[in-house]
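Novice: Kindly generate the corresponding structure for this input.
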Amino acid sequence: MILTESIRLLAKQAVFVISAHTVLIMISTYAHEKIDLFFSLVPNMPAFLFFCFAPLIIVFLLSTKFARQAAVALLGILAGILVYNITTRFTVLPVIPHQETSLIWKIIYEGSFGLLLVSEAIAIWLTFKLLREIHKQINSPTKDTPIP
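Specialist: Next up is the predicted model:
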């Protein structure tokens with residue numbers, strides 16, 4: 001598969017969005033640990049590492065000949081992260097806070113969580129757009145194939 005300029009541009013944009021997504025996951029998790037007495041990063045470390053580094057590794061495969069497979073894998077991982085973040089947001093935080101935390105940590109957590117969801121939505125949209133460009137390039141007739 002030959003990578004066109006539009007595919008390379010979309011892959012580069014995806015790298016920036018996924019990099020920002022990784023930073024937002026780190027900030028959100030740290031703030032969550034500061035405001036919730038029962039949330040600890042240690043039992044959630046496998047999910048945290050997977051959600052941070054799997055998209056970051058896969059997004060660099062978008063600029064190779066495995067762009068189609070990487071885009072499909074990235075769509076699956078991003079959808080899983082989105083569902084996980086939404087469900088844990090409403091099931092992990094206690095209804096009654098057990099300790100009074102600084103207001104700044106609550107603001108940082110809510111802000112980073114909102115930006116995290118937005119970055120996931122943008123990354124999914126960019127990946128769909130990239131996959132569509134890949135399929136256009138694959139399905140376009142070349143000079144060697146006769147047009148019926």
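Novice: Now do the one helix or strand R132 maps to: which elements does it pack against?
Specialist: Counting by DSSP states H and E, the element that carries R132 is helix 103-139. For helix 103-139, the helices and strands in contact under the criterion 3 or more C-beta pairs under 8 Å, 6 or more residues apart in numbering; DSSP states H and E are helix 5-35, helix 67-91. All C-beta atoms are positioned from the backbone trio N, CA, C, and that covers glycine.
Novice: can you give me the mean pLDDT across the helix or strand that comes right after the first one?
Specialist: The element immediately downstream of helix 5-35 (helix or strand, assigned by DSSP H and E) is helix 45-59. When pLDDT is averaged over helix 45-59, the result is 87.
Novice: still on that earlier bit, figure out which of the helices and strands packed on helix 103-139 is closest to V59.
Specialist: Nearest to V59, of all the helices and strands packed on helix 103-139, is helix 5-35, at 4.4 Å by C-beta to C-beta.
Novice: what does the average pLDDT come to for the closest one?
Specialist: Helix 5-35 comes out at a mean pLDDT of 88.
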